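> generate a structure from the sequence data that follows.
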Amino acid sequence: MRGFGGQRTWNDVSTPLAPLLDHPDDDGPDLSPIQCAAILPRLQEIADHSQAAGTDPLLQRHIADARQLVIVLQLCVEKDVDLLFG
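You can find the predicted model right below:
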């Protein structure tokens, strides 16, 4: 991907996670509850694959972080609020 040494743009990728993956880490536009709802099922699916993480501590940490983000996305959808970055 562009920004990570590649030439591919996000316009070439079809994934419900694109609004999250293509978002700046420290700022940028908020994600709407509709965007959160679109991201949620795929992120939940990834977070549910804890067996695939094995014993690698870094991968286990990423799975734990994904699970926490699932909770935040669910709250944004339930309360109809944006996910804020900053």
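> burial count for the closest residue to L69 other than its chain neighbours?
Closest residue in space to L69, ignoring its immediate chain neighbours: L43 at 6.4 Å, by C-beta to C-beta, 6 or more residues apart in numbering. Quick note: C-beta positions are derived from backbone N, CA and C, even for glycine. Counted with other C-beta atoms under 10 Å, residues neighbouring L43 total 18.
> let me know the outermost residue of this structure.
T55 (22.4 Å; C-alpha atoms, centre = their mean).
> wait, the residue nearest to L69 touches L21, no?
No. Here L43 does not reach L21: they are 10.4 Å apart, not a contact under C-beta atoms under 8 Å.
> which pLDDT value goes with L58?
L58 carries a pLDDT score of 87 in this model.
> also G3?
G3 is given a pLDDT of 69.
> now the helix or strand bottoming out on mean pLDDT in the chain: buried residues?
When each helix and strand of the chain is scored by mean pLDDT, DSSP states H and E, helix 18-21 comes last, with a mean of 84. For helix 18-21, the neighbour count (16 or more other C-beta atoms under 10 Å) marks 19-20 as buried.
> next secondary structure after that helix?
Once helix 18-21 ends, the next helix or strand along the chain (criterion: DSSP states H and E) is helix 33-47.
> which strands and helices sit next to that next one?
For helix 33-47, the packing partners by 3 or more C-beta pairs under 8 Å, 6 or more residues apart in numbering; DSSP states H and E come out as helix 18-21, helix 57-79.
> with distance to G6 added, can I get those in CSV?
Putting the helices and strands packed on helix 33-47 into CSV (distance: least, C-beta to C-beta, whole Å) gives the following:
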stretch, distance to G6
helix 18-21, 13
helix 57-79, 21
